[in-house]
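Asks: Build me a structure from this.
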Amino acid sequence: MVNDDGSIVIEGDLSLLGRTDITSLPEGLSCDSLYLDPQRFDNVTHRDNCGNSSRTIFAAWVQGNFRIAAGCFWDTLDAFESAVDGSYSSDAAETYKQAARDCVAELTVKLNKAGE
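Replies: You can find the predicted model right below:
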């Protein structure tokens, strides 16, 4: 659904895996969880082999904030770090959180969001 303000609200999960012509996420995107091939999107950065499940995580800029996706998780970096702290031991948690921070740092440079 597209709201009057141009935001796009998906109630539930959004999968952009596989064949799609979409190469950029809209800034007003809202959904419960997001699945995509991160290397195909110009406003997403990612890290492979993260966490206990060796999953790909990615960062995107939507709704005026950086969001992290890891499996069904899709929320802010702070929320990601809290979730990781609750599920991982200290060393593993720090490694996982650092991968997300690295995604955000790379995306900050890529999108020139440092001054905002």
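Asks: Tell me who's in contact with Leu17.
Replies: Leu17 makes contacts with Tyr35, Leu36, Asp37, as judged by C-beta atoms under 8 Å, 6 or more residues apart in numbering. (Glycine included, C-beta is placed from N, CA and C.)
Asks: Oops, could you answer that again for Asp4 instead?
Replies: Contacts for Asp4 (C-beta under 8 Å, 6+ apart) come out as none.
Asks: Also the one 4 residues further on?
Replies: Contacts of Ile8 were listed using C-beta under 8 Å, 6+ apart, and they are Met1, Val2, Pro26, Gly28, Leu29, Ser30.
Asks: So what's the predicted local confidence for it?
Replies: On pLDDT, Ile8 comes in at 89.
Asks: How about the contacts made by the closest residue to Ser7 other than its chain neighbours?
Replies: Leaving aside its chain neighbours, Ser7 sits nearest to Gly28 (3.3 Å; criterion: C-beta to C-beta, 6 or more residues apart in numbering). By C-beta under 8 Å, 6+ apart, the contact list for Gly28 reads Asn3, Asp5, Gly6, Ser7, Ile8, Val62, Gln63.
Asks: pretty sure the fourth one is touching Val62, no?
Replies: Pointing back at Ser7 there. No: contact criterion C-beta atoms under 8 Å: Ser7 and Val62 do not qualify, at 9.4 Å.
Asks: pretty sure Asp102 belongs to a helix, no?
Replies: Yes: counting by DSSP: H, G, I helix; E, B strand; the rest coil, Asp102 is part of a helix.
Asks: quick one: buried residues of stretch 26-41?
Replies: Applying a neighbour-count criterion of 16 or more other C-beta atoms under 10 Å, one finds Leu29, Ser30, Cys31, Ser33, Leu34, Leu36, Pro38, Phe41 buried in stretch 26-41.
Asks: any idea how far it is from the chain center?
Replies: Averaging C-alpha positions (C-alpha atoms, centre = their mean, to the nearest Å) puts stretch 26-41 7 Å from its chain's average.
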